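> Dropping the sequence and predicted coords here.
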Amino acid sequence: MKDIKQDLFDRMMLLRSRYEVAFHSASDSTDWEIAKYAGVIEKGLHDGLDTAVRAVRAVVDPADMSGTAFWSTPLGALTFAAGGYSTDDMTVSQAFAAGVLGCSRQNVHDLTRKGTLPVVGRMVRVGDVRALLRDKLDKLVK
């Protein structure tokens, strides 16, 4: 599994390649500059900066963001925790929450049963998943 900075770097390089193909010109940016920007974006996500979230949303293909595959990656989870998915009052499936949290659906079910993750119908609120994810990320960092 790629780390966050490498994932950003690869996506930015792909965008640069697409730009060069579309406009028949070589980009002035070097690999080193792109790696530097990837590091800045990653730090911004850790700090919860809205500008970093917007940068990720610009770099990641919108089709990738439609399913759980992206949101269960380290970059996706960090973007989710920084507020990059949607508003806090929207709901997602428990399976989606399990992917973002990096745990089993049974674990999410246990969290809902304990009341740690409140259920709205059969769904869970994005804000509640985000709060659990932030707690989990804080424990990993500290």
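Yep, that arrived. Residues are numbered from 1 along each chain as shown.
> what about the strands in this protein?
Ranges of strands within the chain are 91-93, 119-120, 123-125, based on DSSP state E.
> Break this protein down into its structural domains.
Residue ranges for each domain of the chain read 1-66, 86-142, as given by automatic domain parsing.
> Mind telling me which of the ones you listed the model trusts least?
Note on the domains of the chain: domain 1-66 shows the lowest mean pLDDT, a mean of 87.
> sorry, back to before: make CSV out of the strands of the chain and add distance to S17.
The way it works is simple: take the backbone N, C-alpha and C, and place the C-beta from them, glycine included. Output for those, formatted as CSV (distance: least, Cβ to Cβ, whole Å):
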stretch, distance to S17
strand 91-93, 33
strand 119-120, 42
strand 123-125, 38
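> list the contacts for A82?
By Cβ atoms under 8 Å, 6 or more residues apart in numbering, the contact set of A82 is 44-46, 48-49, 52-53.
> Restrict the residues you listed to the buried ones and give me that as a PyMOL selection.
Listed next is the PyMOL selection for buried residues among the contacts of A82, using 16 or more other Cβ atoms under 10 Å:
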select buried, resi 44+45+49+52+53
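> Distance to G76 added to the domains of the chain, as TSV?
Shown next, in TSV, are the domains of the chain (distance: least, Cβ to Cβ, whole Å):
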stretch	distance to G76
domain 1-66	8
domain 86-142	7
